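*Asks:* Got a predicted structure plus its sequence, pasted below:
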Amino acid sequence: MRVRRNRKKKAKPKPQALPGSIAAYANEYYEWMTVKNYSPATVSNRETYLNYFVVWAEEHGILEPVEVTKPVIERYQQYLFHYRKKRDNLSLSFRSQNARLVAVRAYFKWLARQNYMLYNPASEIEMPKTEKRLPKNALSIGEAEQVLNVPDVKELTGIRDRAILEVLYSTGMRRMEIIDLGLYSIDVERGTVIVYGKGKKERFIPISERAIQWVHKYLYEVRPHFALEPDNNVLFITVEGEMFTRNRLTQMVRNYVNASGVEKKGSCHMFRHNCATLMLEGGADVRFIQQMLGHADLSTTQIYTQVSIQKLKAVHDLTHPGAKKRDKDEKPEKKKESGSEKKTEENENPPENQSETPQDTAGNGEQPEDPENGDKAGNR
């Protein structure tokens, strides 16, 4: 096993904030979140989004929290609405605007609870309504298998990548969840895996036998060649023996999707949508899918009931008159049959004796008419 080199990244020094300023209290707020066991991702996101407000306030000469009022935050909200990104000149989505305002509201709520302010000026801010987008680009079973077969399993990296794709396809776990998987997260005998989700919440979910076999092959044939001493005990590692970064894993999965030839685009989250959609179409209850995906709110899972179209399409085909399948040759035969019967009835039989027509024609020595095609049996 190779020896790991200590590579310490130099942290960027934070600019000195003036005592009592918005930035100084913000640093104290981040430290408080860390002490209260908030996840590192939550602290990092909160710092990123709140820093936008800190910079905007300083540019407008607002330095202390007591200078912030409800009209000031409303001006900031208008600024976010009219803001244009520098790289593409596009406006911020309502989801991005909402995320930045949530950070500001939580920060001033903390200030009020810590008695640094008399009240929370952001408590009555009306948040923008976020659009409800449906998950898209879910793969069919055939398309999923097509993507899974792309990695070259003759190579060490191909075996590792195939194992990653199989785990994503089988479990539908998030990108960070598969990155954080440990060496002993998978219980081979029970066919389960322990996942550490958002908010440091643990959950046990099933994993397919095929995925376990690929992970087992990776563990014994590939990982020993990549691992460094001391081992970081992470399940999936790079050729350098390090954990995957989010961007690196995303790009790896996206490359396989693009190379597969399927027309749909996506990466790790597409397999998450795919897992939920296929389970729902297979008859799984939405609450089981909620437990599988680790959703805190059932309404988040219920969005997949709108994506799963197979059952609705089957009902539509059975009930809608325009969707029913008909034999193309059936209609002309029916028209010919009705026309010949009507002509026969008018020319040969009186109206009152229509019910006795087969007996009369048979008694006159003529062949009876075939009830299906309207022709006489003797003329076939």
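*Replies:* Sure, I can see it. Note that the coordinates shown come from a computational prediction; the quantities given were computed from them, not determined experimentally.
*Asks:* Going by C-alpha atoms from here, please, whenever you check contacts or count neighbours.
*Replies:* OK.
*Asks:* Mind checking the pLDDT average for whichever strand or helix holds residue 46?
*Replies:* With secondary structure defined by DSSP states H and E, residue 46 is part of helix 40-59. Mean pLDDT, helix 40-59: 92.
*Asks:* ditto for stretch 120-139
*Replies:* Mean predicted lDDT for stretch 120-139 stands at 78.
*Asks:* One more: stretch 218-233?
*Replies:* 89.
*Asks:* how about the strands in the stretch 1-150 of the chain?
*Replies:* With DSSP state E, counting those that start in this stretch as the criterion, the stretch 1-150 of the chain has strands at 2-3.
*Asks:* Show me where it has its helices.
*Replies:* Per DSSP state H, counting those that start in this stretch, the stretch 1-150 of the chain carries helices over the ranges 22-35, 40-59, 70-82, 94-113, 141-148.
*Asks:* and among those, the most buried is which?
*Replies:* Highest mean neighbour count among those (mean count of other Cα atoms under 10 Å): helix 94-113, with a mean of 18.
*Asks:* Specify the angle between it and helix 22-35 in degrees.
*Replies:* Our comparison of helix 94-113 with helix 22-35, counting by axes from the mean of the first three to the mean of the last three Cα atoms, to 10 degrees, yields an angle of 90 degrees.
*Asks:* Counting by contacts, list what helix 94-113 packs against.
*Replies:* When contacts are defined as 3 or more Cα pairs under 8 Å, 6 or more residues apart in numbering; DSSP states H and E, helix 94-113 packs onto helix 22-35, helix 40-59, helix 70-82.
*Asks:* I'd like to check the angle between the helix or strand harbouring residue 280 and helix 141-148, please.
*Replies:* In this structure, residue 280 sits in helix 268-281 according to DSSP H and E. Angle of helix 268-281 versus helix 141-148, following the same axes, to 10 degrees, is 150 degrees.
*Asks:* chain center to helix 268-281: distance?
*Replies:* In terms of Cα atoms, centre = their mean, to the nearest Å, the centre of helix 268-281 is found 7 Å from the chain centre.
*Asks:* Over to stretch 206-225?
*Replies:* That offset, for stretch 206-225, works out to 25 Å (Cα atoms, centre = their mean).
*Asks:* Check stretch 147-154 too.
*Replies:* 23 Å.
*Asks:* just stretch 65-80 next, same as before
*Replies:* 34 Å.
*Asks:* tell me the domain ranges of this protein?
*Replies:* 15-113, 141-269 (automatic domain parsing).
*Asks:* what distance separates the start and the end of the last one?
*Replies:* The first residue of domain 141-269 is 16 Å away from its last residue (Cα to Cα, to the nearest Å).
*Asks:* ok, back up a step: could you dump the helices of the stretch 1-150 of the chain to a markdown table with distance to residue 167?
*Replies:* Output for the helices of the stretch 1-150 of the chain, formatted as a markdown table (distance: least, Cα to Cα, whole Å):
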| stretch | distance to residue 167 |
| --- | --- |
| helix 22-35 | 31 |
| helix 40-59 | 23 |
| helix 70-82 | 39 |
| helix 94-113 | 29 |
| helix 141-148 | 11 |
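*Asks:* Name the nearest residue to the spatially most central residue of the chain, sequence neighbours excluded.
*Replies:* Central residue of the chain (Cα atoms, centre = their mean): residue 273, 3.5 Å from the mean position. Take residue 273 and drop its neighbours on the chain: the residue closest to it by Cα to Cα, 6 or more residues apart in numbering is residue 138, 5.9 Å away.
*Asks:* residues touching that neighbour, list them.
*Replies:* 270-271, 273-274, 277 (Cα atoms under 8 Å, 6 or more residues apart in numbering).
*Asks:* measure residue 251 to residue 244 for me?
*Replies:* Between residue 251 and residue 244 the distance is 11 Å, computed by Cα to Cα.
*Asks:* Can you check the distance spanned by stretch 170-183, start to finish?
*Replies:* Start-to-end, stretch 170-183 (Cα to Cα) is 18 Å.
*Asks:* Count the residues that sit near the closest residue to residue 245 other than its chain neighbours.
*Replies:* Leaving aside its sequence neighbours, residue 245 sits nearest to residue 179 (Cα to Cα, 6+ apart; 7.7 Å). By the measure other Cα atoms under 10 Å, the count of residues near residue 179 is 19.
*Asks:* ok now do residue 179, which residues does it touch?
*Replies:* Neighbours of residue 179 in contact, by Cα under 8 Å, 6+ apart: 234-236, 243-246.
*Asks:* Same list, these, but as TSV with neighbour count, secondary structure and distance to residue 89 please.
*Replies:* Shown next, in TSV, are these (neighbours: other Cα atoms under 10 Å; DSSP: H, G, I helix; E, B strand; the rest coil; distance: Cα to Cα, whole Å):
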residue	neighbour count	secondary structure	distance to residue 89
234	19	strand	40
235	20	coil	41
236	26	coil	38
243	18	strand	35
244	19	coil	32
245	13	coil	28
246	12	helix	26
